[in-house]
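A.B. asks: what shape does this take:
(one chain, ligands or ions: 1)
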Amino acid sequence: MSDAAKLDLGTQTVELPIIEGSEGEKAIDISALRSQTGFITIDPGYGNTGSCTSGITFLNGEVGILKYRGVPIEVLAERSNFLEVSYLLAHGGLPKKAELEHFSNGIKKHSHIPSEILDMVKCFPKTAHPMGVMSAITSALSGFNDQLLTSNVTDEQKEESMSILLGQLPVIAAAFYRHSQSKEFIPPREDLDYVSNFLNMLFGDDGYVVDPEVARALDILLILHGDHEQNCSASTVRMVGSSKANIFATISAGIDALWGPLHGGANQAVLEMLAAIQEDGGDYKKFLAKAKDKEDPFKLMGFGHRVYKNFDPRAKIIKSACDTILNKLGVKDPILDIAKGLEEQALVDKYFVDRKLYPNVDFYSGIIYKALGIPVNMFTVMFILGRIPGWFSQWKELIEDPKMRICRPRQIYTGNTTLNYSDIGER
Ligand code: CMC
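C.D. replies: The predicted structure follows:
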């Protein structure tokens, strides 16, 4: 294949460089197109736009492959743990034992939240959606970490930012959960591993002992949510970070993007959809018909993906983890049967087959969270906790790129060319 593409514009032909990634993906580099020709490209929703090159996560949606830094997600889910995966994503390689210990100790050291942050969490109505709380408080962390607000961030500052985010966001999430339940705050414990500590901060009233099976199930879910290349929230993180906004403002923006039901908020929406089907008598075929009806805004939540046109590999792992953990906990949840029935029908239905719509990561994850005792409005917060290393790594890669420029797309204007300004009383 030639290393340049020819674009014929009628009056002018230009050659555009072709670049190829390490997994053979190809792109036409149009960065000089406008200066050479006056043309821009247009791609609403960015379905065909590569916004960056990246060495963090590879995914092939046609085949259903997902790798972090070259390691398949299946291997990480089976053999790794969330902190090791966080290190891998942020640093680009697997840590030696001492490196992982150092990383973990840094997080523990930074996991105590300022008392004012706890007061702020408690100022929110108990009924507030936890995603809004997480976004606001993450942004507020900038007020407590002046030392990290420079625009030329050093390696030490990056490490400290990562430790604060990984250390404090779970504490803030658990603190708000306890507040919403009118329960006392439980501070973090350094003698517990990362996931057990989180579970203890949520549920650690007298007599509570963390079940290792539960901790492992949660650990796997966090690993599976670690990163997913240039999705809506990662792109938001890169967009905001490209203005050299500080790390807390940047991650807060990522949280807001994640909240939407077409992105991370889908895990809450799936559970609500399954509950609605159950309440309606369990007739999932009726809901399948609604999802296919173009006059009806209803969509099958937890189905479909911009990039996967095959099984989402994360969904496969979660489905089997779901069976295992519900069996181990002795939970019989009729909602799981509804989900399985819905999936079975959708996978043979012409509408879904033709459009290559498969269950995504959010389809079964909520059933596990529910079995672990996590309330439905906290599901997307669980997604945040898993995605911290991904957002951080995308931001780190962005600010370390010597070619980094502020993200600033263009547009084709379609509005009025002239509108006469008249005085307000004369309109
Ligand atoms: N139910 C019914 N029809 C669907 C669905 C669905 N869940 N998803 C896509 N379609 C249809 C869509 O209407 C379109 O039909 P047509 O070609 O007749 O116009 C076709 O499939 C192609 O879909 P699209 O709208 O071009 O897909 P997209 O890439 O713009 O959107 C999506 C991707 C994930 C937003 C969408 O599939 C969706 O809304 N799914 C439900 C919400 C969801 O589960 N989101 C979580 C995504 S995975 C985790 C994450 O990102 O955080």
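
A.B. asks: count of neighbours near the residue in the stretch 251-400 of the chain that the ligand sits nearest to?
C.D. replies: Among all residues of the stretch 251-400 of the chain, Gly304 sits closest to the ligand, at 2.3 Å; criterion: Cβ to the nearest ligand atom. Using the backbone N, CA and C atoms, a C-beta is placed for each residue, glycine as well. If you count neighbours by other Cβ atoms under 10 Å, Gly304 ends up with 21.

A.B. asks: leaving out sequence neighbours, find the closest residue to it.
C.D. replies: Leu357 (4.4 Å; Cβ to Cβ, 6 or more residues apart in numbering).

A.B. asks: and what of Gln394?
C.D. replies: Residue nearest to Gln394 in three dimensions, not counting chain neighbours: Ala234, with 4.8 Å by Cβ to Cβ, 6+ apart.

A.B. asks: over to Val376?
C.D. replies: Nearest to Val376 is Leu271, by Cβ to Cβ, 6+ apart, at 5.1 Å.

A.B. asks: residues contacting the one you found?
C.D. replies: 335, 366-367, 370, 376, 379 (Cβ atoms under 8 Å, 6 or more residues apart in numbering).

A.B. asks: tell me which helix or strand it sits in.
C.D. replies: Using DSSP states H and E, Leu271 falls within helix 266-279.

A.B. asks: now Thr417
C.D. replies: Using DSSP H and E, Thr417 falls outside every helix and strand.

A.B. asks: tally of neighbours for it?
C.D. replies: By other Cβ under 10 Å, neighbour count at Thr417 equals 5.

A.B. asks: same check, this time on His112
C.D. replies: His112, neighbours per other Cβ under 10 Å, totals 15.

A.B. asks: how about the nearest residue to it once chain neighbours are set aside, phi and psi?
C.D. replies: In this structure, His112 finds its nearest non-sequential neighbour in Pro188, 6.6 Å apart by Cβ to Cβ, 6+ apart. Main-chain dihedrals, Pro188, degrees, to the nearest 10: phi -70, psi 150.

A.B. asks: secondary structure element holding the closest residue to Trp259 other than its chain neighbours?
C.D. replies: Leaving out its chain neighbours, the residue that sits closest to Trp259 by Cβ to Cβ, 6+ apart is Met131, at 4.3 Å. Using DSSP H and E, the element containing Met131 is helix 130-140.

A.B. asks: just want the angle from that helix to helix 266-279.
C.D. replies: In terms of direction (axes from the mean of the first three to the mean of the last three Cα atoms, to 10 degrees), helix 130-140 departs from helix 266-279 by 170 degrees.

A.B. asks: give the buried residues for the next helix or strand after helix 130-140.
C.D. replies: As assigned by DSSP H and E, the chain's next helix or strand after helix 130-140 is helix 155-180. The neighbour-count check on helix 155-180 (16 or more other Cβ atoms under 10 Å) flags 157-180 as buried.

A.B. asks: how far out from the middle of the chain is helix 155-180?
C.D. replies: Using Cα atoms, centre = their mean, to the nearest Å, the mean C-alpha position of helix 155-180 is found 16 Å from that of the whole chain.
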